[in-house]
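Student: Sequence isn't available, so here's the structure alone:
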């Protein structure tokens with residue numbers, strides 16, 4: 001079975017943002033997101049894989065037997081867009097996502113050009129809903145809160 005690339009690396013988060021993010025607005029948004037997600041998750045930011053800033057952790061296991069660890073909340077300041085790893089497929093999240101603002105979405109990722117394009121209060125509620133969902137369905141650091 002293939003090994004997942006999204007594992008905790010120990011890389012310094014601030015060093016990553018300062019060296020990886022060249023766009024000044026995206027760098028500012030990244031540091032704001034670090035502060036917000038740290039507050040919302042009550043977890044320190046950590047690097048997962050080469051470019052994901054994650055908060056907390058949980059263990060998942062699929063019916064196929066594939067399993068691994070992932071951050072409870074996360075984002076990556078990629079060149080095309082800020083990529084959020086926060087969405088859980090719940091009725092509340094479906095209602096909230098409609099109020100988020102300007103974004104694109106794939107199955108599990110939300111793509112935003114800049115934070116000013118979205119409603120931060122809705123982002124917070126999406127994050128809290130994701131934490132709740134993960135804590136109810138997986139073994140995670142968020143249960144200790």
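Tutor: Looks like it came in fine. In this text the structure is predicted, and so the values were computed from the model without any measurement.
Student: Could you tell me what pLDDT the model assigned to the residue nearest to residue 118 when sequence neighbours are not counted?
Tutor: Once flanking residues are discounted, residue 118 sits nearest to residue 101: 3.7 Å by CB to CB, 6 or more residues apart in numbering. No exception for glycine: its C-beta is placed from N, CA and C like everyone else's. Reported pLDDT at residue 101 in the predicted model: 97.
Student: quick one: the helices in this protein?
Tutor: 13-20, 24-41, 91-97, 120-137 (DSSP state H).
Student: show me what contacts the one residue sitting closest to the centre of the chain?
Tutor: Central residue of the chain (CA atoms, centre = their mean): residue 74, 1.8 Å from the mean position. Going by CB atoms under 8 Å, 6 or more residues apart in numbering, residue 74 touches 37, 48, 52, 53, 54, 55, 84, 85, 86.
Student: what do you get for residue 61?
Tutor: With the criterion set at CB under 8 Å, 6+ apart, residue 61 makes contact with residue 67.
Student: so what's it bridging to?
Tutor: Applying DSSP bridges to residue 61 gives these bridge partners: residue 67.
Student: and the residue nearest to the centre of the chain, bridged to which residues?
Tutor: residue 54, residue 85.
Student: I'd like the distance between it and residue 116.
Tutor: The gap separating residue 74 from residue 116 is 21 Å, by CB to CB, to the nearest Å.
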